[in-house]
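Q: Got a sequence here, can you model it:
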Amino acid sequence: MGRDVIVACDFKSKEDTFAFLDKFTGRKPFVKIGMELFYAEGPEIVREIKKRGHKIFLDLKLHDIPNTVKKAMSVLRNLDVDITNLHAAGTGAMMQAALEGLTREDGTHPLLIAVTQLTSTDQESMERDLLIEKPIDEVVMHYAETAKNAGLDGVVCSPLEAEKVHNRCGKAFLTVTPGVRFADGDVGDQKRVMTPAEAKKIGSDYIVVGRPITAAADPVAAYERCVKEFVD
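A: Numbering: from 1, shown residues only. As a prediction, the model looks like this:
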């Protein structure tokens, strides 16, 4: 898989999701299924979207003791998603266990990536609420290295950190970056943001874009704009 735009389908039901996807005639966007939609509709929504020909990033951000995460991943591996994830804060042992659970009998597995720090987190909130006093860049780099050492394929990070992750962990180590907004758009609850063109310039492999596309007056046009700025 090369550089791509992943559309965050953060809808409350399959009806809303399919009404959105039906707007894309002739194209099959890479889509993200997050907690809201997955908890509302269950695994069947993954199967239905996959049958429609879309690549899927299953964004459930698992974080628990290693054995529990391993068992959960052994279930998710059968959904035929392309990418799934967990929290790097769960430790290297948890990430190793997750990869073991996600790996099929033939040795293949979906791409497994680790969330470093959420793009809604900034230095102030990280220190105040998480009691992490290291600079946020240093924390993200440490989490990325821990994920790589655990055998993972990449990380979820702010686009502001993507280039630094590649410099630290190599170009083949994927960076999946939410927190992407158009230059003339609203940043919403994101703190560490960048435009699609800027994300391309600093080397993000995938950008995850939600409301700037899903809430746009013309979602298809917004998606095409994202693709033009980031991929083309």
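
Q: Let me know the next secondary structure element after the lengthiest helix in the chain.
A: Counting by DSSP state H, the longest helix found in the chain is helix 136-149. Heading C-terminal from helix 136-149, the first helix or strand you meet, by DSSP states H and E, is strand 154-156.

Q: Run through this protein and note the low-pLDDT ranges.
A: 1, 185-193 (pLDDT under 70).

Q: switch to 90 and redo it
A: 1-2, 26, 117-122, 158-161, 179-194, 232 (pLDDT under 90).

Q: Can you tell me the strand partners of the longest strand along it and which way each runs?
A: The residue-count maximum for a strand in the chain (DSSP state E) belongs to strand 56-62. Strand 56-62 sits in its sheet next to strand 30-33 (parallel), strand 83-87 (parallel), going by DSSP bridges.

Q: ok, the closest residue to Thr146 other than its chain neighbours - contacts?
A: Spatial nearest neighbour of Thr146, chain neighbours left out: Gly92 (5.0 Å); criterion: C-beta to C-beta, 6 or more residues apart in numbering. Every C-beta, even on glycine, is put in place using the N, C-alpha and C of the backbone. Neighbouring residues of Gly92 by C-beta atoms under 8 Å, 6 or more residues apart in numbering: 146-147, 149-150.

Q: Please pick the buried ones from those.
A: Among the contacts of Gly92, those classed as buried by 16 or more other C-beta atoms under 10 Å are 146-147, 150.

Q: with the residues you listed in mind, which one is nearest to Val81?
A: For the buried ones among the contacts of Gly92, the residue nearest Val81 by C-beta to C-beta is Ala147; the value is 18.2 Å.

Q: Please, where are all the strands along this protein?
A: Along the chain, counting by DSSP E, strands occupy 4-8, 30-33, 56-62, 83-87, 111-115, 154-156, 174-177, 206-209.
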